[in-house]
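Novice: with the input below, show me the fold.
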Amino acid sequence: MAKRGLIVGKFYPPHRGHKFLIDAGRAQVDQLSVIVCQKPNEQPPGNLRAAWLREIHPDVNVLLIDDVYDEQDSRVWAENSIRWLGFAPDVVFTSEEYGDRFAHYLGCQHMLVDQARNVVSVSGTKVRSNAMQYWEFLEPPVRGWYAKRVCLVGAESTGKTTLARGLAAHYQTVWVPEYGREYSERKLAETGSYDFTSEEFTHIAATQCERENAAARECNRILICDTDAFATSIWHRRYLHERSPAVEAIVAAHRGPDMYLLTDVHTPFEQDGTRDGEAIREWMHAAFVEELTAQQRPFQFLSGTASERLANAIAMLDDLVRYEER
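Specialist: Here you go, the predicted structure:
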C-alpha cells in the first residue's frame, strides 16, 4: 500500500529551507501532499506561493486553503487536513515543536526535519524583511517576484542600450533587450517600411513582458530592462497618433518597474540605418515625462556623457539592492 505524507505551512515565501523539508519528505513516501495556508492581503499572495511550489516540486500534490483557524489548535488543523486531503496521512513532516501534537490528532507518525535550522539557516520572516540578503536561498520563480526591476526609457538614440549593458555588467546581472527594436528591424528588412498596425504593438508589448518575467528569474537581485510595455504604449502614440487600449491593458496587468531611468535628448543622434525619429525626439521625451508623471511611476532623469550617466544611474540604483550582512 502506498505511503502518504503531509506537510502544512504558509511558505511565506517558499525558500530553500522549505525545499529541504519537502525534498526530505518526498524521499520517504510514495505520495506527498503540501497544504499552503493563506491569509488576506499577504504579499506574495497564496495562489502564487502554491503555484511556485507546484513548479519547484512537480511530483508533489499542492493544495491551497484559507487560514481562518487558531494556529495553536492542532486538533482542528488535523481534522481539517484529513477533510482537505480526503484521507489521513501515514506520516507528517514538520520542522516545528507542534509536530508531535499535530501527528497525534492525525493518528500518524511525525518526522522532525532540521528543527534547529542547522542545514538551511533561513526563514520566511528573514526573506520578507530583506530578500536581497537571502537571495541564494530563493528558487527562480521566487526570485522573479523579489527582483528589483529597473527600466530605461527615452527617445531614439539617447544611449539606453549602452546604459543597459553597462548597468548589467556593473551589477553582474542580466538585462532584457528591446523586443520592439528586434521586431521593427525585421519588419523594415522584410517590407521596407514601418507601416505598423495596432495589433503589432500589442504583440510587441506582450512579448516584452514575457521576456522580462523570464529574465527576472535569472537575474542577480536587480533586472535591467531596455524598455517595457509602458514605453510601447508611447511608441504606439508616436506611430499611430492615438492610444491603444489593448497595449495599455497589458501595461496595467504587468508588474511595473521599481524605477524608471529617463534618458534626455541632449546627445548626438546616431543614425544606424533603422532610426527615423530624430525630428520628434523632443516630443517623445515630453510624452514620457507626461505619462510617467500622470501615472505616478517612479522615475529619475539621466543626462550628461555616457560615463556620467552610468555613474549617476549606479548611484541611484544602489539603494535598491543594498543590504547589510547580519
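
Novice: chain center to stretch 15-34: distance?
Specialist: 24 Å (C-alpha atoms, centre = their mean, to the nearest Å).

Novice: which parts of it are buried?
Specialist: Judged by neighbour count using 16 or more other C-beta atoms under 10 Å, the buried positions of stretch 15-34 are 15-22, 24-26, 29, 31-34. Just so you know, the C-beta spots here come from the backbone N, C-alpha and C atoms, and that holds for glycine as well.

Novice: is it true that Val265 lies in a helix?
Specialist: No: using DSSP: H, G, I helix; E, B strand; the rest coil, the secondary structure at Val265 is coil, not a helix.

Novice: test my guess that it contacts Ile280.
Specialist: No: judged on C-beta atoms under 8 Å, Val265 makes no contact with Ile280 at a distance of 10.0 Å.

Novice: helices of the stretch 101-250 of the chain, residue ranges please.
Specialist: Ranges of helices within the stretch 101-250 of the chain are 124-129, 140-146, 160-170, 179-191, 198-216, 229-240, 245-253, based on DSSP state H, counting those that start in this stretch.

Novice: Lys160: neighbour count?
Specialist: A count of neighbours around Lys160, defined by other C-beta atoms under 10 Å, yields 25.

Novice: where does the protein have low pLDDT?
Specialist: 267-279, 323-326 (pLDDT under 70).

Novice: mark out where each domain of it begins and ends.
Specialist: 4-129, 147-321 (automatic domain parsing).

Novice: who are the packing partners of the helix or strand containing Ile7?
Specialist: Assessed by DSSP states H and E, Ile7 sits inside strand 4-9. In terms of contacts (3 or more C-beta pairs under 8 Å, 6 or more residues apart in numbering; DSSP states H and E), strand 4-9 is packed against helix 16-26, strand 31-38, helix 74-85, strand 91-94.

Novice: list the contacts for Tyr32?
Specialist: Small correction: residue 32 is Leu, not Tyr. Listed by C-beta atoms under 8 Å, 6 or more residues apart in numbering, the contact partners of Leu32 are Arg4, Gly5, Leu6, Ile7, Ile22, Gly25, Arg26, Asp59, Val60, Asn61.

Novice: correct me if wrong: the fourth one contacts Gly25.
Specialist: It refers to Ile7. Yes: the pair Ile7 / Gly25 is scored as a contact, 5.6 Å apart, by C-beta under 8 Å.

Novice: so what sits against both of those two?
Specialist: Contacts common to Ile7 and Gly25, judged by C-beta under 8 Å, 6+ apart, are Leu32, Phe93.

Novice: ok so, going back, what about Val265 and Ile280, which has more around it?
Specialist: Val265 (19 against 15).

Novice: and that one, how far from Leu302?
Specialist: 11 Å (C-beta to C-beta, to the nearest Å).

Novice: ok, now Arg309?
Specialist: Taking C-beta to C-beta, one finds Arg309 at 5 Å from Leu302.

Novice: who has more neighbours out of those two?
Specialist: Arg309 (25 against 21).

Novice: pull the residues that contact the helix or strand where the more buried one lies.
Specialist: Using DSSP H and E, the element containing Arg309 is helix 306-321. Residues outside helix 306-321 that contact it (C-beta under 8 Å, 6+ apart) are 132, 148, 150, 159, 162-163, 166-167, 170-171, 221-222, 258-259, 261, 263, 300, 302-304.

Novice: for Ala249, find the nearest of the helices and strands packed on strand 4-9.
Specialist: Nearest to Ala249, of all the helices and strands packed on strand 4-9, is strand 31-38, at 27.0 Å by C-beta to C-beta.

Novice: so after the closest one, what's the next helix or strand?
Specialist: In N-to-C order, the element after strand 31-38 by DSSP H and E is helix 46-56.

Novice: list the neighbouring strands of whatever helix or strand comes next after that next one plus their orientation.
Specialist: Next helix or strand after helix 46-56 toward the C-terminus (DSSP H and E): strand 61-66. Here strand 61-66 is paired, per DSSP bridges, with strand 31-38 (parallel).

Novice: now the strand it pairs with against helix 74-85, angle please.
Specialist: 120 degrees (axes from the mean of the first three to the mean of the last three C-alpha atoms, to 10 degrees).

Novice: as CSV, could you dump the C-alpha coordinates of strand 31-38?
Specialist: The C-alpha trace of strand 31-38 is given here as CSV (Å, rounded to 0.1, in the frame of the first residue of the first chain):
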residue,chain,number,x,y,z
GLN,A,31,2.8,10.4,-2.3
LEU,A,32,3.4,13.7,-0.6
SER,A,33,0.8,16.4,-0.2
VAL,A,34,1.6,20.0,0.8
ILE,A,35,-1.0,22.3,2.2
VAL,A,36,-0.4,26.0,1.7
CYS,A,37,-2.2,28.3,4.1
GLN,A,38,-3.1,31.8,3.0
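
Novice: relative to helix 16-26, how tilted is that strand?
Specialist: Using the same axes, to 10 degrees: strand 31-38 against helix 16-26 is 150 degrees.

Novice: could you check the angle strand 31-38 makes with strand 4-9?
Specialist: Using the same axes, to 10 degrees: strand 31-38 against strand 4-9 is 20 degrees.
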